[in-house]
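Chemist: Sequence and predicted structure are below.
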Amino acid sequence: MARSVQIVFDSRDPAALSKFYAAALDYKLQDPPAGYGSWDEALKAFGVPQEEWNSASAVVDPQGRGPRIYFQQMDTPKPGKNRLHLDFNVGGGPSAPLDERRKRIDAEVDRLLGLGARTHNTVELPMRSAAEAGEYWVVMQDPEGNEFCVQ
């Protein structure tokens, strides 16, 4: 049986974090239910108190290939390092020359910094042999401090 997967983030501000990931992943905010022009209109019609309108948000892949990402409001602080993180694979894979991968990764890091991410650290492992081209990736944090890697 085929299963679909949804990734869930606990978040202080679901609306803001969903906008960050929509831009970072080339996703879009999930459309409101049919018959409603906006989520505000739908939530009002459903009788959800306005102070609860930012209790959740979701982004989806407009191409329908990637998983839905759901952001739920939690008032507990982030306890430490993530047990799960996303990897943004932009470097072209291990067969691409290291200098080329580094340029692609650095360009993506610059774009994500412009969206509100922060750089946590950079990892570079030198080439060990002609068959092993070396490694390079950047660990970043989203606006709420959740780690993710750009490789």
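Modeler: Received the coordinates, thanks.
Chemist: so where's the chain shaky on pLDDT?
Modeler: Applying pLDDT under 70 to the chain flags the ranges 127-132.
Chemist: how close does the spatially most central residue of it sit to Glu144?
Modeler: With distances taken as Cα atoms, centre = their mean, Tyr21 lies nearest the centre of the chain, 4.2 Å away. Relative to Glu144, Tyr21 is positioned 11 Å away (Cβ to Cβ, to the nearest Å). C-beta: built from backbone N, CA, C; applies to glycine.
Chemist: how is this protein carved up into domains?
Modeler: Structurally, the chain divides into domains by automatic domain parsing as follows: 6-73, 86-150.
Chemist: Specify the local secondary structure of Asp106.
Modeler: helix (DSSP: H, G, I helix; E, B strand; the rest coil).
Chemist: cool, and His120?
Modeler: Classified using three-state DSSP, His120 is strand.
Chemist: With adjacent residues omitted, what lies nearest to it?
Modeler: Val139 (4.3 Å; Cβ to Cβ, 6 or more residues apart in numbering).
Chemist: which parts of the helix or strand containing that neighbour are buried?
Modeler: Val139 belongs to strand 135-141 when assigned by DSSP states H and E. By neighbour count on 16 or more other Cβ atoms under 10 Å, the buried set for strand 135-141 is Glu135, Tyr136, Trp137, Val138, Met140, Gln141.
Chemist: Quick one: list the elements packing against it.
Modeler: Counting contacts by 3 or more Cβ pairs under 8 Å, 6 or more residues apart in numbering; DSSP states H and E, strand 135-141 is packed against helix 98-115, strand 118-125, strand 147-150.
Chemist: Appreciated, that's everything.
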